[in-house]
Each structure stands twice: as structure tokens, then as C-alpha cells.
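A.B. asks: for reference, the sequence and a predicted model appear below.
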Amino acid sequence: MDLKKLLVVLCALVGLACGAGSSAAREQPAPAQSAPVQRPQPARDAQNSVELGETVVLKTGDTTEVASKDVSIRFARLVSDSRCATGMVCVWEGEAVVELTLAEPGRGERTTAALASTGRGGRQSAEFAACRVDLVAVSSGGDQVTLRVSKA
């Protein structure tokens with residue numbers, strides 16, 4: 001085997017080892033940390049209603065209403081998170097998947113949607129009752145999402 005091929009194989013093995021290490025590290029309890037780093041937030045924080053075309057930040061369990069529609073959006077839970085932990089070296093950026101509950105209370109309609117932070121493993125938006133909900137961001141801890149609500 002020539003030197004170039006050997007280097008490529010070694011780099012691939014190191015990359016796989018780093019990826020496997022970051023997965024194993026995520027399964028262990030996180031060490032106690034000081035106060036979380038605050039990131040700039042969109043124009044609105046957790047709120048009771050959002051207008052079409054605006055973004056909203058929801059924590060796990062929070063619900064917002066779409067002001068001009070009979071629609072509510074609830075951040076139900078973080079389904080999975082394979083994103084690279086802070087301070088880790090990873091082969092790929094990973095992906096967070098969240099579950100939203102979309103409801104139209106006046107009609108008794110309800111559905112759940114799993115949205116992914118990247119387009120690789122799933123969809124990044126959902127449509128319900130003439131509204132489109134796009135996943136903009138998921139916090140590093142997975143306990144907060146930023147959503148953009150628009151007309152479908």
C-alpha cells in the first residue's frame with residue numbers, strides 16, 4: 001500500500017474513533033457546570049402568542065398561540081440529539097430532532113411533528129391548518145427551540 005492510501009485510511013480511522021468517543025461521552029452524566037452561556041435571542045422570547053412571519057423561542061413544555069389563527073404550537077420534547085458536544089472533535093456536526101404538538105383547538109384537530117435541525121435525517125418544517133412551522137435552532141442543551149411561524 002502506498003503512503004497516500006495509508007494516510008487516508010489512518011485519517012478515516014481517527015475520524016471514526018473521534019465520532020465514537022463523542023457518542024460515548026454524551027451517554028455519561030455531564031459534569032456540573034457554571035451558569036449556562038446566554039446566546040442572543042430572536043426578537044421574542046417565550047410568549048403566549050406569535051404573529052405569522054415572526055419567530056418564537058419555546059422551552060420544553062411551553063405552548064404558543066398563532067395570533068391570527070386558531071392554532072397552538074407546543075414544544076413537547078427533544079427526541080434525539082447527536083450533535084457534537086462542546087469541546088469535542090467530531091467527524092460531522094450531528095443533528096437534533098424535536099417533537100412539536102400542533103393543535104387547532106376550535107376544531108379538535110391535533111398532530112405531532114418531528115423536526116430535525118438539519119435536512120439530513122428528517123424534515124425541518126411542518127404544515128398544519130394553513131400555517132408553516134420551521135425549526136430555526138435548538139439550544140445546546142436541547143431544552144429550547146426557536147421556531148418561525150408563517151403562512152403555508
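C.D. replies: All right, it came through fine.

A.B. asks: low pLDDT regions in this structure?
C.D. replies: 1-47, 121 (pLDDT under 70).

A.B. asks: please enumerate the strands of it.
C.D. replies: Taking DSSP state E as the criterion, the chain carries its strands at 49-50, 54-59, 63-66, 71-81, 96-104, 109-116, 125-128, 131-138, 144-151.

A.B. asks: could I get the third one in PDB with only the CA atoms?
C.D. replies: Taking only C-alpha atoms (Å, rounded to 0.1, in the frame of the first residue of the first chain), the coordinates of strand 63-66 have been written out as PDB:
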ATOM      1  CA  THR A  63     -47.000  26.500  24.200                       C
ATOM      2  CA  THR A  64     -47.600  29.500  22.000                       C
ATOM      3  CA  GLU A  65     -50.700  30.500  20.000                       C
ATOM      4  CA  VAL A  66     -50.700  31.800  16.500                       C
END
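
A.B. asks: name every strand pairing with it and say which way it goes.
C.D. replies: strand 49-50 (parallel), strand 71-81 (antiparallel) (DSSP bridges).

A.B. asks: gap between Thr86 and Ser140?
C.D. replies: 7 Å (CB to CB, to the nearest Å). (C-beta placed from N, C-alpha, C; glycine too.)
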